[in-house]
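Engineer: Build me a model:
(2 chains)
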There are 2 protein chains.
Amino acid sequence: MVSFADQLTVPTLMLDERRCRRNIERMAQKAQRSGVRFRPHFKTHQSAAVGAWFREVGVEAITASSLRMAEYFADDGWRDITVAFPVNIREIERINQLAARITLGLIVDSVESAELIAARLTHSVNVWIEVDTGDQRSGVDWNDGAVAVQIAHTLRASPLITLSGLLTHAGRSYTKRSPEDMRAVYGETVARLTALRGVLSAAGYSSLALSLGDTPCCSLVDDFSAADEIRPGNFVYYDLTQAVIGSCAMNDIAVAVACPVVSKNAERGQVVVYGGAVHLSKDTVVDGDGRTIYGLVSRLTLDDPGAGWGAPLANTYVRSLSQEHGVLQTDTATLASLKVGDVLAILPVHSCLTADLLKQCLTLGGETLPMLHLDHV
Amino acid sequence: MVSFADQLTVPTLMLDERRCRRNIERMAQKAQRSGVRFRPHFKTHQSAAVGAWFREVGVEAITASSLRMAEYFADDGWRDITVAFPVNIREIERINQLAARITLGLIVDSVESAELIAARLTHSVNVWIEVDTGDQRSGVDWNDGAVAVQIAHTLRASPLITLSGLLTHAGRSYTKRSPEDMRAVYGETVARLTALRGVLSAAGYSSLALSLGDTPCCSLVDDFSAADEIRPGNFVYYDLTQAVIGSCAMNDIAVAVACPVVSKNAERGQVVVYGGAVHLSKDTVVDGDGRTIYGLVSRLTLDDPGAGWGAPLANTYVRSLSQEHGVLQTDTATLASLKVGDVLAILPVHSCLTADLLKQCLTLGGETLPMLHLDHV
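Structural biologist: Coordinates of the predicted model:
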């Protein structure tokens, strides 16, 4: 049998199943206590195996960020999937094929998109109007009831469309640094969605559901009862960004990238690992010390893989990345303790992008979990 | 037959074969005129099909950035490959397997690494001492002849090792903004390698070759005769970073990402395309106007795909990226001219990372070229 250490020859996404399951259970319980549907976003893990852990806690409906991802999970038996990205009309044929197989949710944010899908659907779908509750990315402005009503009118023209409700992603929570501020974002988001729902109700569209839920807000809010469903995704793994902004503890982070040490420079206090932009992504976060970092670094106990990785090493961070190189800045004692050929665990800044790059993950028990591949077309 | 337009339903790496072949021919001719070996780095395109275009201009030796990439090209018939990354001793078994099949070049930058490979090789390899000529990433300091000699002594202990020479990557050229400054980096790099070669020669290591060549320097220098081989890679496609720093013209860029328009906001002058961090990468560049951008935007003529994409649109750039969303900032006239469902061409900031993410590319002739996949293990 290949030992855990022998499996770590190249940059490898390691998954601490215990932490991951704990993250899943905690969020599922919160949703249940609030009486809202838990429709987790699967864009972070992109793994049928991790999806099965959600099934174990009763999840039946999920969110995907692309049609291909929705197809992958449909193939795995998921029967209720919302693609939470403005509908891409160029994929209409695949949309129709998927809509024939499952309960498919789409989102639209313009009359133009609504007209296009109303004209070209051949199977039933649920449609959500995407609302911009303050993030200025996509979505109808929450304050622009006239456009929302016009979209609803347009969608009504198609007997294949059920208008499910209003959906938003309050990504501005990521700019906050205190639980109070994040809860305030949540409150504002709910209030804005509720106001717009009132306008639609007055126009004859009643019983619209409200769907929201980014990881920071969902981690820090306990009562979601004003909403109908929550869709957090990143919480399944969390990452350094979430730890820095305060939506998780460092030991909630369920993934780390095993990176072999290949070079050391004692004078500069630097270590080069095999693990670069094609493994970790170039996303950065500004840590508590004001440093822009590409990751933090922990030790691994290769003889006892179940123990996972330790707390981040003091005075140590990923300073820069090139395609395959990761340059760590560290202190004299840590550097002296490391040998070429050792394996370090890098805590990722943004686990969604890191998992997407590495395409599979290895549990601490030594099991490789498959993920959505780009060649699933 | 599926039309070119119908092939562009999701973010797709488009390759302008004419530009790409022109980039290849120009660099091959420069190397030939200088009488140096052209050992192009294949980490940017990662494609056997593009590799074949290099064969057509007489290239026989290549560079790869990982062992897996080297295996992929070995499977495609390449017989002389240098892995230009500090040797990762944890992959020694695969190194030995590959060394049994081809002429394999490795690089080392420490006595520690030299000892490890000298002890564990079972097949012949060429080894280059990696030199830090001023970039402070990996490599022996060019000024530290004693360490370089010690490495050479260590390598000599193994009859399976041929010490080929000194190798460097002068990535600091990317911080320069004028041809003069880049040529100065090249001159400095050659001088430093030459000085270190002198030290090794005095210690009894003669006939060592010098290998260098990042894309900026190789694009702006004409005479490489002081070196023995050049290893540029990015030039095969170029990208916005190269255009901004002045090592290529905008119309040398041979790849762009086709991205469907999914949302528009007239008030903010913004367009959302399907094309995010998992397609383009989060790499940025500061353009001539001081803006930090994730890409520039061109129009595509879908009816005449051979025409490729146009010059970048004025007043338009990729302002932000999330996992699947790209937010473009543009002007009123451009926004008014765009419809949901249109396809725009995004010029990438860093083509190596974008190609790595998209994993295959589509020529303007409608042919899909396969690339190295992560499941090639």
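
Engineer: how about the strand or helix carrying A:E188: buried residues?
Structural biologist: Element membership for A:E188, per DSSP states H and E: helix A:179-202. Residues A:181-183, A:185-186, A:189-190, A:192-193, A:196-197, A:199-200 are the ones in helix A:179-202 that count as buried (16 or more other C-beta atoms under 10 Å in any protein chain shown). All C-beta spots, glycine's among them, are computed from the backbone N, C-alpha and C.

Engineer: Go through those residues and name the one nearest B:L240.
Structural biologist: The closest of those to B:L240 turns out to be A:V185 (C-beta to C-beta; 33.9 Å).

Engineer: The closest one against A:C217, yeah?
Structural biologist: Yes. A:V185 lies in contact with A:C217 (C-beta atoms under 8 Å); the separation is 6.1 Å.

Engineer: Overlap in contacts, the two.
Structural biologist: A:170, A:173 (C-beta atoms under 8 Å, 6 or more residues apart in numbering or on different chains).

Engineer: Where in chain A is the helix or strand with the lowest mean pLDDT?
Structural biologist: When each helix and strand of chain A is scored by mean pLDDT, DSSP states H and E, helix A:4-7 comes last, with a mean of 87.

Engineer: for that helix, which positions count as buried?
Structural biologist: A:4, A:7.

Engineer: Does it reach chain B?
Structural biologist: No. Applying C-beta under 8 Å from any C-beta of the partner chain, one finds helix A:4-7 separated from chain B by no less than 8.5 Å.

Engineer: C-terminal to that helix, what's the next element?
Structural biologist: strand A:12-15.

Engineer: Residues touching that following strand, excluding its own?
Structural biologist: A:50, A:237, A:254-258, A:308-309, A:345, A:354-355, A:358, A:360-364, A:369.

Engineer: again, only this time at 6 Å
Structural biologist: With contact meaning C-beta atoms under 6 Å, 6 or more residues apart in numbering or on different chains, strand A:12-15 is reached by A:255-258, A:358, A:361-363.

Engineer: Looking at these, which are in helices?
Structural biologist: A:L358 (DSSP state H).

Engineer: Which members of the contacts of strand A:12-15 are positioned in strands?
Structural biologist: A:255-258, A:361-363 (DSSP state E).

Engineer: Determine which two of those are furthest apart.
Structural biologist: The widest separation within these (C-beta to C-beta) is 14.2 Å, between A:V257 and A:T363.

Engineer: returning to that earlier point: would a markdown table of the ones in strands among the contacts of strand A:12-15 with distance to chain B and pLDDT be doable?
Structural biologist: Formatted as a markdown table, these follow (distance: C-beta to the nearest C-beta, whole Å; pLDDT from 0 to 100):
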| residue | distance to chain B | pLDDT |
| --- | --- | --- |
| A:V255 | 16 | 98 |
| A:A256 | 17 | 98 |
| A:V257 | 14 | 98 |
| A:A258 | 10 | 98 |
| A:C361 | 12 | 94 |
| A:L362 | 13 | 96 |
| A:T363 | 18 | 96 |
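
Engineer: Which single one of these is nearest to B:P11?
Structural biologist: A:C361 (23.7 Å).

Engineer: If you count surrounding residues, which of A:V257 and A:T363 has more?
Structural biologist: Per other C-beta atoms under 10 Å in any protein chain shown, whichever of A:V257 and A:T363 has more neighbours is A:V257, with 26 against 19.

Engineer: before we move on, what SS does the most far-flung residue of chain A relative to its centre have?
Structural biologist: Most distant residue from the mean C-alpha position of chain A: A:E267, 39.1 Å away (C-alpha atoms, centre = their mean). Look at A:E267: counting by DSSP: H, G, I helix; E, B strand; the rest coil, its state is coil.

Engineer: Go ahead and confirm A:L98 touches A:L106.
Structural biologist: No. Counting by C-beta atoms under 6 Å, A:L98 does not reach A:L106; the two are 10.0 Å apart.

Engineer: Between these two, which contacts overlap?
Structural biologist: Counting by C-beta under 6 Å, 6+ apart, nothing touches both A:L98 and A:L106.

Engineer: Same drill for these two, tell me which one is more crowded.
Structural biologist: More neighbours surround A:L106 than the other of A:L98 and A:L106, with 25 against 20 (other C-beta under 10 Å).

Engineer: For the residue nearest to that one when sequence neighbours are not counted, the count of nearby residues, please.
Structural biologist: Excluding its sequence neighbours, the residue lying closest to A:L106 (C-beta to C-beta, 6 or more residues apart in numbering or on different chains) is A:V87, at 4.6 Å. If you count neighbours by other C-beta under 10 Å, A:V87 ends up with 26.

Engineer: What segments of chain A are helices?
Structural biologist: A:4-7, A:17-34, A:48-56, A:67-75, A:92-99, A:111-120, A:145-156, A:179-202, A:215-220, A:240-245, A:277-280, A:332-337, A:351-358.

Engineer: and the fourth one, how far out from the chain's middle?
Structural biologist: Counting by C-alpha atoms, centre = their mean, to the nearest Å, helix A:67-75 is centred 16 Å from the centre of its parent chain.

Engineer: Roughly how far does the residue lying closest to A:Q329 once chain neighbours are set aside sit from A:L353?
Structural biologist: Spatial nearest neighbour of A:Q329, chain neighbours left out: A:R319 (4.3 Å); criterion: C-beta to C-beta, 6+ apart. A:R319 sits 19 Å away from A:L353, going by C-beta to C-beta, to the nearest Å.

Engineer: between the two, who's got more neighbours?
Structural biologist: A:L353 (24 against 19).

Engineer: quick one: that one from chain B, how far?
Structural biologist: Distance, A:L353 to chain B, by C-beta to the nearest C-beta, to the nearest Å: 6 Å.

Engineer: Next up, the contacts around that residue.
Structural biologist: A:281, A:283, B:277.

Engineer: Just among those, which is most surrounded?
Structural biologist: A:S281 (29 neighbours).

Engineer: pLDDT score assigned to the closest residue to that residue other than its chain neighbours?
Structural biologist: Once flanking residues are discounted, A:S281 sits nearest to A:L353: 3.7 Å by C-beta to C-beta, 6+ apart. For A:L353, the model assigns a pLDDT of 97.

Engineer: How about A:D375?
Structural biologist: For A:D375, pLDDT reads 50.

Engineer: Provide a list of residues in contact with A:D141.
Structural biologist: A:D132.

Engineer: my guess is A:D342 contacts A:V262, does it?
Structural biologist: No. Proximity of A:D342 to A:V262 does not meet the contact threshold set by C-beta under 6 Å, at 9.9 Å.
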